[in-house]
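> Starting from these lines, generate the structure:
(chains A and B, ligands or ions: 1)
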Amino acid sequence: MTPPDFDVLVVGSGPAGVAAAFPLVEAGWRVAMVDGGAQPGTDVPDGEYLDLRATDPGQARWLLGADLHALRAAEANSPKFRAATLAFAFRDFAAANRVVAQRFALVGSMAVGGLSNAWGCGVTRFAASDWGDASIDARELDAAYASVAARVGLSGAADDDLAAFFGVDDLARGAIPLDRLHAWLAGCYAGSRRAAKADGFRMGRARLAVLAQDAPGGRQGCDARGLCLWGCPRRATYSSRHDLAGLRRHAGFVHLPAHVVERLERGAAGWLARTRGPDGGGKTVAARRVVLAAGTVASTAIAMRSLAGFRAAQLLHLPMAAFALWLPRFTGAHAVPGPATAQLAFTLDGDAPQEVCGYTFSTHGLPMTEFLRHAPLSAAGAAPLLRALLPSCIVANCFLPSRLTRSRVELRDDGTLVVTGGEAEDAAEFGERVRARLAAAFAASGARMLPGSFRRGAAGADVHYAGTMPMRASPRPGECDADGELRGLEGVHLADASALPTLPAKSHTLAVMANAHRIGARLARRLATVPP
Amino acid sequence: MRSVTVTGATGYVGSHFARAARSAGWRVVAASRHASAHADASVPYDLRTPAPVLHAEATPIVHLAVLTDGSDGPELEIAAARTLLEEARKRGTYVLFVSSQVARADAPTAYGRTKHSIEEVVLAAGGIVVRPGLVYGGEAGGLYATLLRAARRAVVLPAIVPAPCVQPVHVDDLAAALLRVLESPERWFGRVLHLAEPEPQPFSAWMHELAAAFGRAPRRVPVPAALVRAGAALAAAIGARSLADRARSLLAIPPMATASDLAALGLALRSSREVFARRAVRRACVREGAALLRYVLGAAPGPALVRRYARAIEALRDAQPLPLPRWGLRIPCLLRALDQPRLRAADAEWQWRVHAAAAIAEASPQGARRFLALAGRGSRARRFAAALAALPAEALARAASLALNTRRSRG
Ligand SMILES: Cc1cc2nc3c(=O)[nH]c(=O)nc-3n(C[C@H](O)[C@H](O)[C@H](O)COP(=O)(O)OP(=O)(O)OC[C@H]3O[C@@H](n4cnc5c(N)ncnc54)[C@H](O)[C@@H]3O)c2cc1C
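This is a model prediction of the structure:
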C-alpha cells in the first residue's frame, strides 16, 4: 500500500481554505491546496479615485473593462459585479461547478483567493449561541480568532454601541477616519442615541478586515484613496490570495491552481480527488484527509456527489436590502476623497435583539451611473441633479434575518446542483417594517432616507451562503460534527460556511475563518495521533 | 527573413499589400517614387525612368506600379516591365505582375490593351500574372476611391441597361492572395490567376450597396449603355481620358472564372455585400452612439466614446442599431422625451442603451466632469443652479413623453 502523496487536501484558497491550511502546514503536515486558478486580468489603477476620474484618459479600462465587462454585467446585483478589475473573481463559477440557480442570484468564485478578492471586509465574532448545539471548545475558538485576526489585520475598534455586537475590539486596531458626512452622522447619533437605543437602533463604527497601518510583509495601510470597489492596490483590504505566499514558505505546502474538484473517491488510505486541470489535463491527488473549503455551494455540490443518498439540503442566507440617505446640509457640496469601505454600521432589534445589521458607505467611490439608472427622471435630467445631490448622500446595505429565507439546494441525477431561491411569506412585510423603522431612526440622526431608494435585493445577492451541512452535537448523514467531519464521508472536513449551524445577520466570514483555523488545528493534532 | 520588392508600394493595392506582407513576416522593400511608410526599406523607382531596382538581394518583385494618366502611351510601361524582368532574371528570381480583369488583346481601352501586352511579356519570361476583379475596401485608393466618391456624393446613380457586371475583390483579400502565391510560386510560373468573387454582380447594384454602407441611398436612374459610351467619347474629347477609359472598360468587362484559382490558393473571399452591410450597420451604431452620448453628456462626445459605444452594440447587442426617430438623431436633447421612466420601463432595450451610453460617457474625464461634483469645478451655488435649471426641461420632456405615450397607445 503506497502512502498518499499528502496528509491533507484543501479544496479552495478562499478565506476558509487558507485559514484551515495555516495550522496544518505550521505543524509540518504535507498539504495540497487546489482552487479554480483565476487571477486578476485588469490592474487596479494607482492613484486617488476622484483624481483618476478627473484626469485618467484610460479610465474606461478599469471602469468598464477592455471587454466592456461593466455593460455585460449591467443587470447584476451589485456594483462589485460590474467592476472590471474584479471580473476574474466571479467568472465561470456556476459552469465549472455544474450549478444552476433558479430565482437565486448565485455568486461564487473560481479565483485564487475566492470571493475575498471582492468582499466588503466586514467582520464579526459570532456569539456563543450562533454556534447552535455544536460542542465547540470556546478556548480553541478564541485562540483561532486571535491567530486569524493577527494574520488578517482588523481595524475599527471603538468604544461605541456596537462594540459588543462585533466582539472583535480586543483583536482590532483603531478605525480609519470617517469622512465628513459620516462624522456628522455619527455626531448626530451620539446626540440622540438614548432615544435610538430605546427604539432598538444602534450605530457604531464598522469593524473591518482592513489595515489601518502598514504591516510587515508589504501590505500597506488604508490611505482612503477610494478605490475599494475595484480592489485595493495597497492590499489594505484582506484577500486570502495574498496569504498564499505565507503558506508557500512551508516546505510541505503545494498550491495547485486551476485544479477543479468534482467529487471525492475513497482511496487506499484516505481520499482521492481526480481534478480537472488546466488545458484538459488533470491530476489525481491522494490525501489522508480532505478539507472542503470551496465556498458553501461548491463544497455542497462536491459532498453530495460523493455521499450517496445525500441529495438535498436547506441553504441559509441573508435577505438583503439597500437604501440611500440624504444629509440635506451637505447638498451641493463637492465630492471629497475618502474611504469607500463601510464606515458606520447599525443594528436593529426585531423579534430578537440586533436581528438586522447594516453598513453605510460614501457615494463617492461609485460611478454615478450606478445611481442614474434608478432615478425617476431622464438621464439628462438626473445627471445635474445627482451631481448636486450625491456628495450629500450616503448609501447603506442591510442584512435581514436568515429565517426569512426558504432556499434549497438539490442534486440532480446528472450531478448538477440546483439552487432554488425562496423566502418566507412575511419577508416583504418584514422588509417594509425595517424600512420604516430605519427611516425613522436615521431621520432622528439628521439623515433622510431618499424616497423609493429602499430596495430589497434578489435572493442570493447577499453572498452569505451557509448551513447546508451544519455542525451538530449528534450529526446525521449530511451533517458534520464539531471537527467539521461530515457524517458519511469520514475523513472529509468542512471548513467553510456550509458547516455553520445558524446564520445570524452578521458578516460571517471572520467567524468562518476562525472555525476553519480551529478545525485545521484539531486536524493537525489528530493526524499526529493516527499513523499514516 | 523572406523579402519581397514591391513596385507601386505607396499605391492603393501596394500599401495594403505591404502592410499584410509585413504582418505575415516578410521584409518589404518598397520601390516607388515616394518612400513607403509600410515598408522596411525603400528604393527609388519611377516607371518613366525605369532604372534598375538597385539593391543586392534576390527578392521576388511584385509589380504594382502603373502610369495612371495614360498620357505616355503603352511603350513606357512595357519597357519598364522588361527592365524588371531582366533584373529578376539576373538575380534568379521572378516577377509577379498584378494586371486587371479588363486585360485583353482586343480590349476597347488602351488601359486593357497595355495590361495585356505587359502580361504577354511577363508570361514569356516565366513570371506570374494576377488578374484581380474590381478591387475595393480598406483605405480608399485607385478606382475604388473614385467610385466611393461618386457613391457618397451622388443623389442619383445611373443603373446602366443592359447591366454591366463586376466581380469585386476586397483589397485585403487580394493582398492575402498575393502572399499565398509568393509562398509557393513554383505552382504559378507562366500562369494567369484570376482573383475576384466568382459571381458577377450588376455594377449599379454594387454601387448602391457601397453608397448604403456610407449612409447614402441615391435613387437609381436607368441609363442606356449607349449613352454611357457616348458620354465617355465626350469625356475623351474634352481630355478626361482616364475617366473615359475607365467608364468604357467597365462596360466591356468580360466575366472571369475565378472559382478554380481561389480553390487552388485555398482562399475564400469575403463578400462585398456582407462587407458593405456590416459597414452600414456600424455606421448606424456610430450615429446612434453619437446621438445618445451627446444626449447624456449635454455636449459633443469625444470620438473614442462614440467608437466604444458602437463596439458595445456590435459586441453585446448583436450589432443591432435601434430604430430611433430621425428627430432624436438630429437633435439629441429631444431624446429626453423618450427617456422618461414610463417609456423607458416599457422598453428594456432602450433602457439598456441609455444606461450603456451613460456608463460609457461617464468613463472618461469628460464624463467625470459632467457626472461628478469635482472639487474646483463650479461652486456649490452653480451646482444648485444647474440642478434646478434641469427641472423645467424635464417637465417639458415629461409632458412630451405623455403625448408620445398616448399617441403610441392609440396607434
Ligand atoms: C461583493 C461581496 C461582498 C462581501 N462582503 C462581505 C463582508 O463584508 N463580510 C463578510 O463576512 N463576507 C462578505 N462576503 C462574503 C465572503 O466573501 C465569503 O463569505 C468568503 O469569501 C467565503 O470564503 P470561502 O473560503 O468559504 O469561499 P470562497 O471565497 O468562495 O473561495 C472558494 C475557493 O474555492 C475554489 N473552488 C471553488 N470551486 C472549486 C472546485 N470545484 N474545485 C476546486 N476549487 C474550487 C475557488 O477557486 C476559491 O479559491 C462578501 C462577498 C461578496 C461577493
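
> where in the stretch 151-300 of chain B is pLDDT low?
Counting by pLDDT under 70, the low-confidence segments of the stretch 151-300 of chain B come to B:236-248, B:250.

> mind checking how far the residue nearest to B:Asp173 when sequence neighbours are not counted is from B:Pro132?
Ranked by CB to CB, 6 or more residues apart in numbering or on different chains and with sequence neighbours excluded, the top spatial neighbour of B:Asp173 is B:Leu269, at 4.8 Å. Using the backbone N, CA and C atoms, a C-beta is placed for each residue, glycine as well. Separation of B:Leu269 from B:Pro132 (CB to CB, to the nearest Å): 11 Å.

> just A:Asp414 next, same as before
Here A:Asp414 is placed at a distance of 55 Å from B:Pro132 (CB to CB).

> ok, the two, which is more surrounded?
In this view A:Asp414 and B:Pro132 are compared by other CB atoms under 10 Å in any protein chain shown, and B:Pro132 has more residues nearby, 24 against 6.

> so who does the residue of chain B found nearest the ligand touch?
Distances between chain B and the ligand by CB to the nearest ligand atom are smallest at B:Ala359, namely 19.1 Å. B:Ala359 makes contacts with A:63-64, A:70-71, A:74, A:367, A:369, as judged by CB atoms under 8 Å, 6 or more residues apart in numbering or on different chains.

> check whether stretch A:379-397 contacts the ligand.
No: Stretch A:379-397 is not in contact with the ligand by CB under 6 Å from any ligand atom; minimum separation 9.2 Å.

> What residues of stretch B:309-327 count as buried?
Neighbour-count burial for stretch B:309-327, with 16 or more other CB atoms under 10 Å in any protein chain shown as criterion, is recorded at B:309-314, B:317, B:321-322, B:324.

> Correction: the previous question concerned stretch A:372-388.
Neighbour-count burial for stretch A:372-388, with 16+ other CB under 10 Å as criterion, is recorded at A:372-373, A:375, A:377-388.

> Counting neighbours, what do you get for B:Arg273?
With other CB under 10 Å as criterion, B:Arg273 counts 16.

> For it, I want the exact helix or strand it lies within.
Here B:Arg273, judged by DSSP states H and E, is contained in helix B:272-297.

> What is the following helix or strand past that helix packed up against?
Tracing the chain C-terminally past helix B:272-297 and defining elements by DSSP H and E, one meets helix B:303-316 next. Under the contact criterion of 3 or more CB pairs under 8 Å, 6 or more residues apart in numbering or on different chains; DSSP states H and E, helix B:303-316 touches helix A:69-72, helix B:272-297, helix B:348-362.

> Quick one: residues contacting residue 213.
In the absence of a named chain, chain A is used. A:173, A:221.

> if you could check chain B rather than the one you did, that'd help
By CB under 8 Å, 6+ apart, the neighbours of B:Ala213 are B:275-277, B:279-280, B:283.

> Drop anything exposed from those.
The buried subset of the contacts of B:Ala213 (16+ other CB under 10 Å) comprises B:275-276, B:279-280, B:283.

> Mind checking what helix or strand follows the helix or strand hosting B:Ala150 in sequence?
Element membership for B:Ala150 (DSSP H and E) is helix B:142-153. Where DSSP H and E defines the elements, the next helix or strand beyond helix B:142-153 is strand B:156-161.

> Can you get me a residue count around the closest residue to chain B within the stretch 201-350 of chain A?
Closest residue of the stretch 201-350 of chain A to chain B, CB to the nearest CB: A:Gly332 (3.9 Å). Counted with other CB under 10 Å, residues neighbouring A:Gly332 total 21.

> same question, A:Asn515
Neighbours of A:Asn515 under the rule other CB under 10 Å: 32.

> Tell me the secondary structure of the residue of the stretch 201-350 of chain A closest to chain B, please.
Following DSSP: H, G, I helix; E, B strand; the rest coil, we place A:Gly332 in the coil state.

> Same check on B:Ala31?
Assigned state for B:Ala31: strand (three-state reduction, three-state DSSP).

> what does A:Ala396 give?
Classified using three-state DSSP, A:Ala396 is strand.

> list the contacts for it?
A:Ala396 neighbours (CB under 8 Å, 6+ apart): A:322-325, A:346, A:358-361.

> do you know how far B:Ala363 is from A:Arg235?
The value you get for B:Ala363 to A:Arg235, if CB to CB is used, is 25 Å.

> Show me which of the two is the more surrounded one.
Using other CB under 10 Å as the criterion, B:Ala363 and A:Arg235 rank with B:Ala363 on top: 28 against 17.

> So which residues of the stretch 101-250 of chain B form strands?
Along the stretch 101-250 of chain B, the stretches classed as strands by DSSP state E, counting those that start in this stretch are B:128-132, B:134-136, B:156-161, B:165-166, B:168-170, B:192-195, B:201-202, B:219-224.

> Just send the ones you listed back as a markdown table, with distance to A:Ala458 too.
Converted to a markdown table, these look like this (distance: least, CB to CB, whole Å):
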| stretch | distance to A:Ala458 |
| --- | --- |
| strand B:128-132 | 58 |
| strand B:134-136 | 51 |
| strand B:156-161 | 55 |
| strand B:165-166 | 57 |
| strand B:168-170 | 48 |
| strand B:192-195 | 57 |
| strand B:201-202 | 53 |
| strand B:219-224 | 54 |
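
> Using a markdown table, please lay out those together with distance to the ligand.
A markdown table is the format used below for the strands of the stretch 101-250 of chain B (distance: least, CB to the nearest ligand atom, whole Å):
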| stretch | distance to the ligand |
| --- | --- |
| strand B:128-132 | 54 |
| strand B:134-136 | 50 |
| strand B:156-161 | 58 |
| strand B:165-166 | 57 |
| strand B:168-170 | 45 |
| strand B:192-195 | 52 |
| strand B:201-202 | 55 |
| strand B:219-224 | 58 |
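
> Compare these and give me the one nearest chain A.
strand B:168-170 (27.4 Å).

> tell me what the closest one is packed against?
If you count contacts as 3+ CB pairs under 8 Å, 6+ apart, strand B:168-170 packs onto strand B:134-136, helix B:272-297.

> So what touches it?
For strand B:168-170, contacts defined as CB under 8 Å, 6+ apart pick out B:132-138, B:177, B:195-197, B:201, B:206, B:269-270, B:272, B:275.

> can you rerun that using 10 Å?
Strand B:168-170 has contacts (CB atoms under 10 Å, 6 or more residues apart in numbering or on different chains) with B:16, B:101, B:132-138, B:144, B:176-177, B:194-197, B:199-201, B:203, B:206, B:209-210, B:258, B:262, B:269-273, B:275-276.

> List only buried entries from the residues you listed.
Neighbour-count burial (16+ other CB under 10 Å) applied to the contacts of strand B:168-170 gives B:16, B:101, B:132-138, B:144, B:176-177, B:194-197, B:200-201, B:203, B:206, B:209-210, B:258, B:262, B:269, B:272-273, B:275-276.
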